[in-house]
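In: Got a predicted model here, sequence first, then my questions.
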2 protein chains.
Amino acid sequence: MIQQYPSRLLEKAVQQFSSLPGIGRKTALRLVLHLLRQDTADVELFTDAIATMKREVRFCRCCYNISDTDLCPICADQHRDASTVCVVENIQDVMAIENTQQFNGLYHVLGGLISPMDGIGPSDLEIDSLVHRVAEGTIREVILALSSTMEGDTTNFYIFRKLSPYDVSISVIARGIAVGGELEYTDEVTLGRSILNRTPFSGT
Amino acid sequence: MIQQYPSRLLEKAVQQFSSLPGIGRKTALRLVLHLLRQDTADVELFTDAIATMKREVRFCRCCYNISDTDLCPICADQHRDASTVCVVENIQDVMAIENTQQFNGLYHVLGGLISPMDGIGPSDLEIDSLVHRVAEGTIREVILALSSTMEGDTTNFYIFRKLSPYDVSISVIARGIAVGGELEYTDEVTLGRSILNRTPFSGT
């Protein structure tokens, strides 16, 4: 379909929006026309929020989570258990685990997973910095909380090897049937794993 | 669900994105983190395109279509038939009709439809300016190409009454079964209309 935009300025804005992931030309046009209907001050709030974030946001020097300060609020929190570190792929994963309210340790954000197909090697990720943290000696447990995919497994294995010289216990988050999930609809690999990795029944 | 953002700057940017229509918090976060991974120059291109568009885009003084110039390219085009004006709700409709390549006249963009429920009255729309254009005397036909909804019908009727003092023929785009549509699945109101508004069979 030919899309004739009546304005070059409009077209440019639509092009920029449609470069975002999951935003097609039609959605982009809808969003741009919405912004065009807003007050100039509101559009400035929008563009300023993005520009300011891009300019000023930092990554925590300890865990590489996104942060407004040199040390992120989680790493700076004295009430958290600094001897346990949970290794995750990205910032969303930190937020997801924080939302469970089941973890009181610190994090380490890798910024991705090892993926030779996408040209992402260990040096592109925050793995060396994890090894440095562990080498300091205060960390007793590293929990690997990566996706259960080939990339996640590769990364788990790589980190495991890198950390093996150090006196630290390494664990992996449990893989099994989802809470509320029915056996019948669970794939067989997951089901097989959940039998192998069965845990003692605590009666609760 | 509690959403704890690790950064106020991030949170602000997410809030701004999720104020756009059809963008939820999760999508907004994904888009913001995508922008955060881009080069600063690319993010500037993004914010500049929006800011520039908002600052510089205008509405054609004749048809109120969006434009970079005082008179939009369609109104300025000498090869188009200035005696026929197609009345549409918004800019997307102009683009949709242009894409059909079946119309060589000019447009008039109302900027909405009369909707008492949403507090939109005739004075909020470009209806007076349409009447002025017709009063100038060069327009011979006004085609009403509004949505087939209550708001569209109300607006059609209002414009029809406003234009009745003038020597101009007023038509409405055909309503009937969609090309490629099956009778069986066409709603009965549309089907009824398509029988009432049948056209002579031309054999093509």
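Out: Thanks, I have the structure now. Numbering: from 1, shown residues only, chains lettered A, B, ... in the order given.
In: make it CA atoms for all contacts and neighbour counts henceforth
Out: OK.
In: from the chain's centre, how far out does the worst-scoring helix or strand of chain A on mean pLDDT sit?
Out: Ranked by mean pLDDT, DSSP states H and E, the helix or strand of chain A with the weakest confidence is helix A:188-196, at a mean of 81. Offset of helix A:188-196 from its chain centre (Cα atoms, centre = their mean, to the nearest Å): 26 Å.
In: Quick check: which helices or strands does that helix pack against?
Out: Packing partners of helix A:188-196 (3 or more Cα pairs under 8 Å, 6 or more residues apart in numbering or on different chains; DSSP states H and E): none among the helices and strands.
In: State the distance from residue A:185 to chain B.
Out: Distance from residue A:185 to chain B, counting by Cα to the nearest Cα, to the nearest Å: 26 Å.
In: what's near enough to touch that residue?
Out: Neighbouring residues of residue A:185 by Cα atoms under 8 Å, 6 or more residues apart in numbering or on different chains: there are none.
In: Assumed residue A:154 was part of a helix.
Out: Yes. Looking at residue A:154 with DSSP: H, G, I helix; E, B strand; the rest coil, it is inside a helix.
In: That one contacts residue A:112, doesn't it?
Out: No. If you go by Cα atoms under 8 Å, residue A:154 and residue A:112 don't touch, sitting 12.0 Å apart.
In: Tell me which of the two has more neighbours.
Out: Neighbour totals were compared for residue A:154 and residue A:112, and residue A:112 leads with 20 against 15 (other Cα atoms under 10 Å in any protein chain shown).
In: Show me the residue sitting in the middle of chain A in space.
Out: Ranked by distance to the mean C-alpha position of chain A (Cα atoms, centre = their mean), the top residue is residue A:90 at 1.9 Å.
In: still on that earlier bit, tell me which residues are up against the least confident helix or strand of chain A.
Out: A:175-177, A:183.
In: quick one: buried residues of it?
Out: A:190-191 (16 or more other Cα atoms under 10 Å in any protein chain shown).
In: Tell me where chain A has strands.
Out: A:58-59, A:66-67, A:81-88, A:105-109, A:141-144, A:169-172 (DSSP state E).
In: what's the first one packed up against?
Out: Spelled out, that is strand A:58-59. On a contact count with 3+ Cα pairs under 8 Å, 6+ apart, strand A:58-59 meets strand A:66-67.
In: Now do the strand it packs on: everything it contacts.
Out: Counting by Cα under 8 Å, 6+ apart, residues outside strand A:66-67 touching it are A:57-60, A:72-73, A:91, B:6-7.
In: ok, back up a step: need the contact list for the residue nearest to the centre of chain A.
Out: Per Cα under 8 Å, 6+ apart, neighbours of residue A:90: A:65, A:109-112.
In: returning to that earlier point: need the worst-confidence member of the contacts of strand A:66-67.
Out: The member of the contacts of strand A:66-67 with the lowest pLDDT is residue B:6, and it reads 84.
In: List of residues touching stretch A:153-172?
Out: With contacts defined as Cα under 8 Å, 6+ apart, stretch A:153-172 is touched by A:113-114, A:127, A:131, A:134-135, A:137, A:139-147.
In: Mean confidence (pLDDT) on it, please.
Out: Averaging pLDDT along stretch A:153-172 yields 93.
In: Give me the residues contacting stretch A:101-112.
Out: A:62-65, A:74-75, A:80-91, A:94, A:97, A:125-127, A:130.
In: ditto for stretch A:33-53
Out: Outside stretch A:33-53, the residues within contact range by Cα under 8 Å, 6+ apart are B:9-10, B:12-13, B:16-17, B:20-21, B:32, B:36, B:43-44, B:47-48, B:50-51, B:53-55.
In: Buried subset of the contacts of stretch A:101-112, written for ChimeraX?
Out: The ChimeraX selection below is limited to those of the contacts of stretch A:101-112 classed as buried (16+ other Cα under 10 Å):
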select /A:62,63,64,65,74,75,82,84,85,86,87,88,89,90,91,94,97,125,126,127,130
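In: can you list the domains in chain A?
Out: For chain A, the structural domains run A:8-56, A:86-173, going by automatic domain parsing.
In: Mind listing what's buried along the longest helix belonging to chain A?
Out: Longest helix in chain A, counting residues (DSSP state H): helix A:40-56. Using 16+ other Cα under 10 Å as the test for burial, helix A:40-56 gives A:43-44, A:46-51, A:53-54.
In: Including pLDDT, could those residues go into CSV?
Out: Shown next, in CSV, are these (pLDDT from 0 to 100):
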residue, pLDDT
A:43, 95
A:44, 95
A:46, 95
A:47, 95
A:48, 95
A:49, 95
A:50, 95
A:51, 95
A:53, 93
A:54, 93
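In: What about residue A:139, how many residues nearby?
Out: The number of residues packed near residue A:139 is 18, by other Cα under 10 Å.
In: Sorry, slip of the keys, the one I care about is residue A:109.
Out: Neighbours of residue A:109 under the rule other Cα under 10 Å: 25.
In: Same check on the one 4 residues further on?
Out: Neighbours of residue A:113 under the rule other Cα under 10 Å: 26.
In: got the contact list for it?
Out: Residue A:113 is in contact with A:89, A:120, A:125, A:151-152, A:155, counting by Cα under 8 Å, 6+ apart.
In: Just send the strands of chain A back as JSON lines, with distance to residue A:188 too.
Out: As requested, those are arranged in JSON lines below (distance: least, Cα to Cα, whole Å):
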{"stretch": "strand A:58-59", "distance to residue A:188": "40"}
{"stretch": "strand A:66-67", "distance to residue A:188": "37"}
{"stretch": "strand A:81-88", "distance to residue A:188": "26"}
{"stretch": "strand A:105-109", "distance to residue A:188": "31"}
{"stretch": "strand A:141-144", "distance to residue A:188": "23"}
{"stretch": "strand A:169-172", "distance to residue A:188": "20"}
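In: who are the neighbours in contact with the residue lying closest to residue A:72 once chain neighbours are set aside?
Out: Nearest in space to residue A:72, with sequence neighbours left out and distances taken as Cα to Cα, 6 or more residues apart in numbering or on different chains, is residue A:60 at 5.1 Å. Going by Cα under 8 Å, 6+ apart, residue A:60 touches A:66-67, A:69-72.
In: Tell me the buried residues within those residues.
Out: Neighbour counting with 16+ other Cα under 10 Å marks A:66-67, A:69, A:71-72 as buried within the contacts of residue A:60.
In: ok, so of those residues, who is nearest chain B?
Out: Relative to chain B, the closest of those is residue A:67; by Cα to the nearest Cα it sits at 4.8 Å.
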